[in-house]
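[1] my questions concern the predicted model and sequence given below.
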Amino acid sequence: MDNKKGGVFLSKQGDFNTPRQTTEFKMLIMMHKIATILVSFFLLATPAYAGSSFQYSKPIQTNNLAGYKFIVLDKDVYTHSNQPQLQDVRIFDDKEQEVPYFQDSSIATTTTPYSTIQDGNDTVITIAVNHLNGFGLELHSDDTFERNYVLYGMSGQTKWYLTEGTLVNRPLEPSLPKKDINWASTNRFDELKLIIHNRDNLPIDLNSVRFSYYLDRLVFKDLGNSYYRLAYGNTAAGSPYYDVTDYKTIITKEPLTQATLGTEVSTQPLPQPPDNQKNFKPLFTTAISALALLITGIGLSLRKKQR
């Protein structure tokens, strides 16, 4: 109410909180501060553990001109990709943004190194294939022979059965030779192990071994003003699908410029949370949730009392 000198007197009941209201308000402020401290402690105490990152990369060397380019994947990529069908392969630009691409394959054949040993009446031929996506072998020899064989794929000490059959080479009967071996597995191996059963015959005198495989290339659009790199080696990455895949047929009809891969660079994987850290987070989440409910209850109680 107004006083005679133009001042304003404060109402004793309308403008001052009662001691009870002041205490409740202070309690609410205190609970809010406790919640803030707990949340902050939780964020600081929890390490920033991330999922598996890309452990390997290669710079992509282009001609710095805009247009569609392709890179041919090499043995380093096949060896260090953590996915059987290269699902973890990505292209990044200089802003660390993913660059859309599609995968295209063609057939290639090469003469490959091999080694042989005798195991009783069997000839064991070991062929290094460097994780290439192979599907065929062809043995070249001037000998006349007919032998049964078994072929395995090897990765470390693990062995996969691929196929078996009969090899035939009869120069005087051109319609009979069957010197090629084919299989359908899409797994990638360090090496192939071919076991030829000679029975009581002499081992085959080989001239060479030809290895057929799918040559994989990635096609992407180069803007002409960016640095690009190929990244791979990520156990958590799934298969990407970009819109450019829908135009694969059209793009591959146009002239494509080949880009090359530089030297491989490896990075240490990010640390994974220990078991006790994994159990630590749910406990804090539960505690904070309970505290939030408590604060909400106090707030509702205060509102009812003020009414």
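    All right, it came through fine. Keep in mind the model is a prediction, meaning the values are calculated, not measured.
[2] so where do the helices sit in the stretch 151-300 of the chain?
    248-251, 275-306 (DSSP state H, counting those that start in this stretch).
[3] what residue ranges in the stretch 1-150 of the chain score low on pLDDT?
    1-52 (pLDDT under 70).
[4] that one: helices as residue ranges?
    Under DSSP H, counting those that start in this stretch, the stretch 1-150 of the chain gives helices at 19-45, 75-80.
[5] pretty sure residue 76 is touching residue 58, no?
    Yes - under the criterion of C-beta atoms under 8 Å, residue 76 is in contact with residue 58, at a separation of 7.1 Å. C-betas here are computed from N, CA, C, even on glycine.
[6] overlap in contacts of those two?
    Common neighbours of residue 76 and residue 58, using C-beta atoms under 8 Å, 6 or more residues apart in numbering, are 261, 264.
[7] if I look at the nearest residue to residue 242 once chain neighbours are set aside, how far off is residue 114?
    Using C-beta to C-beta, 6 or more residues apart in numbering and skipping the chain neighbours, the partner closest in space to residue 242 is residue 100 (3.5 Å). Here the criterion is C-beta to C-beta, to the nearest Å. By it, residue 100 lies 40 Å from residue 114.
[8] which one's more surrounded, the two?
    Per other C-beta atoms under 10 Å, whichever of residue 100 and residue 114 has more neighbours is residue 114, with 18 against 14.
[9] so the more buried one sits against residue 126, correct?
    Yes - when contacts are counted by C-beta under 8 Å, residue 114 is listed as touching residue 126 (6.4 Å).
[10] for residue 219, give me its contacts.
    Contacts of residue 219 by C-beta under 8 Å, 6+ apart are 68-70, 101-104, 244, 248, 251-252, 256.
[11] report the beta-bridge partners for residue 145.
    Using DSSP bridges, the bridge partners assigned to residue 145 are residue 169.
[12] I meant to write residue 232 there.
    Beta-bridge partners, per DSSP bridges, of residue 232: residue 56.
[13] quick one: it from residue 133, how far?
    Taking C-beta to C-beta, one finds residue 232 at 15 Å from residue 133.
[14] with neighbour numbers in mind, choose between these two.
    For residue 232 versus residue 133, neighbours defined as other C-beta under 10 Å are more numerous around residue 232 (25 against 20).
[15] list the strands paired with the lengthiest strand in the chain, with their directions.
    The longest strand of the chain (DSSP state E) is strand 206-222. Take DSSP bridges as the rule and strand 206-222 pairs in its sheet with strand 67-72 (antiparallel), strand 101-111 (antiparallel), strand 133-141 (antiparallel).
[16] domain ranges for the chain?
    As assigned by automatic domain parsing, the chain contains the domains 19-46+273-306, 50-270.
[17] so what touches stretch 145-159?
    By C-beta under 8 Å, 6+ apart, the residues outside stretch 145-159 that reach it are 137, 160-170, 181, 183, 185, 187-198, 201, 204.
[18] give me the buried subset of those residues.
    Listed as buried from the contacts of stretch 145-159 are 137, 162, 167, 169, 181, 183, 188-189, 191-194, 196-198, 204; burial here means 16 or more other C-beta atoms under 10 Å.
[19] ok, so of those, who is nearest residue 239?
    Residue 239 has its nearest neighbour among those in residue 188, at 16.0 Å by C-beta to C-beta.
[20] residue contacts, the closest residue to the closest one other than its chain neighbours?
    Closest residue to residue 188 apart from its sequence neighbours, by C-beta to C-beta, 6+ apart: residue 131 at 4.2 Å. By C-beta under 8 Å, 6+ apart, the residues touching residue 131 are 75, 78-79, 81, 188-190.
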